[in-house]
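Participant: Below are the sequence and a predicted model for it; my questions follow.
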Amino acid sequence: MIEARQVPGKQGLQWILSGFYMFRLSPFVWVLLCFTLILIAATLELLPVLGKFIFTLLSPVFMAGVMVGCKSLEQGDPLELGHLMVGFRKNTVPLITLGGFYLIGQVLIIGVFMMIGGSELVDMLLYGKRFDEQELMGVMDNILSASIAGLLLTIPLMMAMWFAPLLVMFENMPPFIAIRKSFFACLKNIIPIQIYLIVLIILGVLAIIPYGIGLFIYIPTVFASIYVSYQDIFHPESMFSDKEAIEKKEEDTEVNQ
């Protein structure tokens, strides 16, 4: 069975650079694909409560489709809008199972957040209750404790889900084995992943500043970088995880033009 390898910390930055390169290969289709996904999410959000649950269940299906599009680009084939729906034609049930696991995890984390925050936090968030200054200090302490607990639980959930849709789609791996493999792959590569996330946060802030225009580049680059990180850790022969291979590919493209 496929095993994850440990990569140097600098690869965290390389994933983003390679992701941007993949965006440059087909920028218009990338923007259209990401806009369509956001539109689907926004449409489902119109359904109270149920819409968010449905999108969470289906998010690994859409993610797997986008990753198939990345693989197509890597192999020299075009990225297409139809790639977004590939997960509905292959490994659909295992991918939705991943969505179920993710949904349960999110519900449990919210439950812990509310439990630590106490009834005052629930009243403030759900019913808009207001407190005087003395009461508000106590509520803020509870919010801080609840937020820290929620973050500490969210990190392992994200680690478990990071590579899982790709392992299910490309390796035909059962959902819970994929979840375990994803978690330990992230744990093994915690340093490059930390560098990757720090750089993404900085770039995300910069992308929002000019009226959010930078998000048209940022969001596709993030999707593509996830695929690159997967290839780098599980399939190091991938050209998009290797800087020299990317530079050679660019030179070949310029020559052909």
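Facilitator: Structure received. Numbers count the residues shown, from 1 in each chain.
Participant: what about the residue nearest to Leu166 when sequence neighbours are not counted, helix or strand, and which?
Facilitator: The shortest distance from Leu166 to any residue other than its chain neighbours is 4.7 Å, reached at Tyr230 (CB to CB, 6 or more residues apart in numbering). From N, CA and C alone the C-beta is placed, and that goes for glycine too. Per DSSP states H and E: Tyr230 is located in helix 215-234.
Participant: Please compute how far that helix lies from its chain's middle.
Facilitator: Centroid separation for helix 215-234 versus its chain: 9 Å, with CA atoms, centre = their mean, to the nearest Å.
Participant: What's the local residue count around Met173?
Facilitator: 22 (other CB atoms under 10 Å).
Participant: got the phi/psi numbers for Phe163?
Facilitator: According to degrees, to the nearest 10, the main-chain angles of Phe163 amount to phi -100, psi -10.
Participant: Let me know the pLDDT of the nearest residue to it once chain neighbours are set aside.
Facilitator: Once flanking residues are discounted, Phe163 sits nearest to Ser182: 3.9 Å by CB to CB, 6+ apart. Looking at Ser182, its pLDDT stands at 97.
Participant: Leu98 versus Ser182, what's the distance?
Facilitator: 10 Å (CB to CB, to the nearest Å).
Participant: Which residues are in contact with each of those two?
Facilitator: 161, 164 (CB atoms under 8 Å, 6 or more residues apart in numbering).
Participant: Find me the pLDDT at the residue nearest the centre of the chain, would you?
Facilitator: A centroid search over the chain (CA atoms, centre = their mean) returns Trp162, at 6.3 Å, as the residue closest to the centre. On pLDDT, Trp162 comes in at 96.
Participant: what sits against the residue lying closest to Ser59 once chain neighbours are set aside?
Facilitator: Spatial nearest neighbour of Ser59, chain neighbours left out: Gly99 (5.8 Å); criterion: CB to CB, 6+ apart. Shown in contact with Gly99 (CB under 8 Å, 6+ apart): 56-61.
Participant: just checking, Glu112 touches Ala149?
Facilitator: Glu isn't right for residue 112; it's Val. Yes. Look at Val112 against Ala149 with CB atoms under 8 Å: they come within range, at 5.7 Å.
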